[in-house]
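[1] 3D, please:
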Amino acid sequence: MNDLTTRKNSENFTMKFVFNFVALLLVTIFWSLALAEEGHDEEGEALIFSTQEREAAGISVEEVSVMSLSEMLRVPAEVLINAYQTARVTPRIQAQIVERHVQLGDQTVVGDRLVTLSSVAMAEAQGELIVAEREWDRVSSLGRKAVGESRYVAAKVARQQAFAKVLAFGMQEKQAEDLLQSGNAANAIGEFDLLSPLAGTVLNDSFVTGELIEPGRVLFEISDESVLWVEARISPNNLSGIEIGTQTRVSVNGTDWIDGSVIQLHHKLNETTRTQAVRIAVQNTSDKLHPGQFAEVEIQTGPGTPGLAVPNSALTLMKGLPVVFKLEGGEEFHPEPVDIGPVVGDWTLINAGLNEGDEIAIQGVFHLKSLLLKSSIGDAD
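    Below you'll find the model as predicted:
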């Protein structure tokens, strides 16, 4: 069984080698024919640059090396708020807006005053609390034996219920205690503040001062944007290799990428697109991402296999063929046809045409191509 497996692996390697050799041979033949048609030979296709001239022209050179590139899947996505770090602030009773203390885009910390409200129901509850507090002070000072067990318990419970009621209506505990310490029924005017429940950014504040607000109306949406969610929708056929913790990259402009990782895989497919949502957490410390933006996501789906790879920026097309500019003799750049393999992120695997240790241009390739084409046109004249 082992001999059979070894023989099959050897045959597969031989077939792959022959296929790559034939592909490179065909590319080279086609390249040579194209050069012959235009009256150029490959030896004449060279550009000479000293080290100083390369630096002035913005041409960077790097050695070709063997790399193990992870297999990547690129899919569209959308930036979402982190619902686990978001709060919606709403009144629990009907109230009127008296004064706002923050506005859209402001940063808040826990306990910051957001808005002052006024409510008839709250004024009544505050008045009841002051009355209950006074009764409890009298009863507790006289003692349980003097007033009787029934009155003592009733006064204590009434005070507790009155205090709980103002809290249930939206008054903060400190506000209620300050009201009781004043002991002045004239302060029971029904005003109270809504406070920030978390540290974050005010994302929504759709109301105006003086407006009468019904219970449950969202006055503020506050979210901590330091960690955002990015949701990608992927066909179930492409989910192999994606799991919790899988590494990803996210970009909203195709140029700047931010690292992230998969935190959730939805268990229900979208009924319209028949895709499965994959939720990614991204550190947004640079504040480059904002909820609602469309993005691209690259998700690592496999470890890949080692092979020669070059940056995508090193490749260009000439006469319809992929080429790189190979540095020879320390100063001469020659266009070298290559047989390319899969593109993995910012890298392209090379099947044939280059060897490990070859030096190629990775920046300034367009400049080299322009000079070569200009030279070719001049020769044709």
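
[2] which strands and helices sit next to the helix or strand hosting V202?
    V202 is part of strand 200-204, with elements assigned from DSSP states H and E. Strand 200-204 sits against strand 107-108, strand 220-223, with contacts defined as 3 or more Cβ pairs under 8 Å, 6 or more residues apart in numbering; DSSP states H and E. Just so you know, the C-beta spots here come from the backbone N, C-alpha and C atoms, and that holds for glycine as well.

[3] Deepest in the core, which of those strands is it.
    strand 220-223 (a mean of 22; mean count of other Cβ atoms under 10 Å).

[4] Now do the same for that strand: mean pLDDT, whole number.
    Summarised as a single mean, pLDDT over strand 220-223 is 96.

[5] Enumerate residues external to that strand that contact any of its residues.
    81-82, 85-89, 102, 108, 114-115, 194, 196-198, 200-205, 291 (Cβ atoms under 8 Å, 6 or more residues apart in numbering).

[6] at 7 Å instead, please
    With Cβ atoms under 7 Å, 6 or more residues apart in numbering as the test, strand 220-223 has contacts from 81-82, 85-89, 108, 114, 196, 198, 200-205.

[7] ok, the strand holding V202: who's next to it in the sheet?
    Within its sheet, and counting by DSSP bridges, strand 200-204 is paired with strand 107-108 (antiparallel), strand 220-223 (antiparallel).

[8] Dump these to CSV, plus distance to F169.
    Formatted as CSV, the strands paired with strand 200-204 follow (distance: least, Cβ to Cβ, whole Å):
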stretch, distance to F169
strand 107-108, 22
strand 220-223, 18
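
[9] before we move on, the earlier item: selecting buried members of the contacts of strand 220-223 in PyMOL, what would you type?
    What follows is the PyMOL syntax selecting those of the contacts of strand 220-223 that are buried according to 16 or more other Cβ atoms under 10 Å:
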select buried, resi 81+82+85+86+87+89+108+114+196+198+200+201+202+203+205
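
[10] I242 is in contact with V262, correct?
    Yes: the criterion here is Cβ atoms under 7 Å, and V262 meets it with I242 at 6.3 Å.

[11] Give me the common contacts of the two.
    Shared contacts of V262 and I242, defined by Cβ under 7 Å, 6+ apart, comprise V278.

[12] Helices of the stretch 51-200 of the chain, residue ranges please.
    Taking DSSP state H, counting those that start in this stretch as the criterion, the stretch 51-200 of the chain carries its helices at 51-57, 120-142, 144-147, 149-169, 173-182.

[13] Now mean neighbour count, distance to E231 and mean pLDDT too, for those helices, in CSV please.
    Listed next are the helices of the stretch 51-200 of the chain as CSV, based on neighbours: other Cβ atoms under 10 Å; distance: least, Cβ to Cβ, whole Å; pLDDT from 0 to 100:
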stretch, mean neighbour count, distance to E231, mean pLDDT
helix 51-57, 12, 43, 87
helix 120-142, 17, 40, 92
helix 144-147, 12, 61, 86
helix 149-169, 16, 36, 93
helix 173-182, 14, 38, 87
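
[14] right, so of these, which gets closest to H267?
    With Cβ to Cβ as the criterion, H267 lies closest to helix 149-169 of those, at 36.7 Å.

[15] Out of the helices and strands packed on strand 200-204, which gets nearest to P236?
    Evaluated with Cβ to Cβ, the helices and strands packed on strand 200-204 place strand 220-223 nearest to P236, the distance being 30.8 Å.

[16] what kind of secondary structure is the residue nearest in space to the middle of the chain in?
    In the chain, the centroid-proximal residue (Cα atoms, centre = their mean) is V282; its distance is 4.1 Å. At V282 the chain is in strand, as set by DSSP: H, G, I helix; E, B strand; the rest coil.

[17] can you check I263 too?
    In three-state terms, and counting by three-state DSSP, I263 is strand.

[18] Check V230 too.
    The three-state assignment at V230 reads strand, by three-state DSSP.

[19] mind listing the helices for the stretch 251-381 of the chain?
    365-380.
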